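Engineer: Give me a model of this one.
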Amino acid sequence: MGLFDVHAHLTHPDIFQDIEGVLARAGAAGVTSIVSNGLNPADNAAVLALSQRFPIVKPAFGLYPVDAVLAEMNAAGETYPGQREVWPTSVAIGWVRDHVEQAFAVGEIGLDGYWVKEPFWPAQDEAFRALVRLALEADKPIIIHTRKRERRTLELLDELGARRVDWHCFTGRLSLAREITARGHYVSIPANVRRSESFTRMLETLPRDRLLLETDCPYLGPEKDVLNEPANVKHTAAFAAQLWKTSEDAAAQQLASNFEALFGAAP
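Structural biologist: Below you'll find the model as predicted:
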């Protein structure tokens, strides 16, 4: 079994402009599966098209938590630095519903309390509930993005009975990460782990059978301000072996087994 990246943005312009090179370097690094996460209907469609061209790409269809309420925010005069095409929430959720059977996973979805102010949280909660229900009905794993609303995200997942869940780039407290893994959920560790005390502690102390690899490329690379790409998961796997005091082959095997347990397919 090979290495993998459970959270990449291969449709991002900085990555997509050299997509064949990016995927070739990933393959050379031993990566055999890259889950490309969509942000809205247009991005989801691009992810789907990319997965149809390259078997290494596994499509995840989602609705970024900010995008879920972006129409309401704009109507209220609120702006978002990452402003992009605005989709009515019902249309965006409808796109996922219409295509969920083609998805490898549903994601990224979740809650955001950093860019989204509290008056918009109830609407964001409802969009999240709807997307989680779609994933459960289709028996698809879920990839979570949450920021400043980690506890509420876990509450809603518990409420809905979601268990096949990966928390991407988790920035909450380590104690909450332990609760998350105790639920049977997974936490994916980004490629900037050596530069982050928090991610290092997670990789070192959380149950090894609940950890996964991700890049969040083009962000969060091993080197600050250097474009990240899926090949860099090899560095995280090597660091895991170092922290776990085991061989790189043993660490890679453990991580691949975790991937298979969540997604139902070997990487």
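
Engineer: hey, where'd the strands end up in the stretch 1-150 of the chain?
Structural biologist: Using DSSP state E, counting those that start in this stretch, the strands found in the stretch 1-150 of the chain span residues 3-8, 31-37, 57-61, 105-112, 142-147.

Engineer: what's the answer for the stretch 151-267 of the chain, then?
Structural biologist: Listed from the start of the chain, the stretch 151-267 of the chain has strands (DSSP E, counting those that start in this stretch) covering 165-168, 186-189, 211-213.

Engineer: got TSV for the ones you listed, with mean pLDDT, distance to E126 and mean neighbour count too?
Structural biologist: In short, each C-beta sits where N, CA and C put it, glycine included. Below are those laid out as TSV (pLDDT from 0 to 100; distance: least, CB to CB, whole Å; neighbours: other CB atoms under 10 Å):
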stretch	mean pLDDT	distance to E126	mean neighbour count
strand 165-168	98	19	26
strand 186-189	98	25	26
strand 211-213	98	28	26
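
Engineer: Reformat the ones you listed as TSV; add distance to H99.
Structural biologist: Output for the strands of the stretch 151-267 of the chain, formatted as TSV (distance: least, CB to CB, whole Å):
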stretch	distance to H99
strand 165-168	20
strand 186-189	23
strand 211-213	24
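
Engineer: Of all these, which one comes closest to E118?
Structural biologist: Closest to E118 of the strands of the stretch 151-267 of the chain is strand 165-168 (CB to CB; 22.1 Å).

Engineer: Just give the strands next to that closest one in its sheet, each with its orientation.
Structural biologist: strand 142-147 (parallel), strand 186-189 (parallel) (DSSP bridges).

Engineer: Now distance to A45 too, for the ones you listed, in CSV please.
Structural biologist: Output for those, formatted as CSV (distance: least, CB to CB, whole Å):
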stretch, distance to A45
strand 142-147, 18
strand 186-189, 24
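
Engineer: Mind pulling the model confidence for R208?
Structural biologist: What the model reports as pLDDT for R208 is 98.

Engineer: Also C217?
Structural biologist: So, for C217, pLDDT stands at 98.

Engineer: Return the distance of the closest residue to it other than its chain neighbours relative to E78.
Structural biologist: Residue nearest to C217 in three dimensions, not counting chain neighbours: N228, with 4.2 Å by CB to CB, 6 or more residues apart in numbering. Applying CB to CB, to the nearest Å, the value for N228 to E78 is 29 Å.

Engineer: Neighbour count: those two, which is higher?
Structural biologist: Per other CB atoms under 10 Å, whichever of N228 and E78 has more neighbours is N228, with 24 against 15.

Engineer: coming back round to it: among the strands paired with strand 165-168, which comes closest to D5?
Structural biologist: Closest among those, once you apply CB to CB, is strand 186-189, at 8.8 Å.

Engineer: from the middle of its chain, how far away would that closest one be?
Structural biologist: Distance of strand 186-189 from its chain centroid, counting by CA atoms, centre = their mean, to the nearest Å, is 9 Å.

Engineer: residues in contact with D125?
Structural biologist: Taking CB atoms under 8 Å, 6 or more residues apart in numbering, we find D125 in contact with 111, 152, 156.

Engineer: What are the buried residues along stretch 27-36?
Structural biologist: Buried residues in stretch 27-36, counted by 16 or more other CB atoms under 10 Å: 27, 29-36.

Engineer: Quick one: residues in contact with it.
Structural biologist: 1-11, 23, 26, 47, 50-51, 56-60, 104-105, 107, 143, 230-234, 252, 259, 265, 267.
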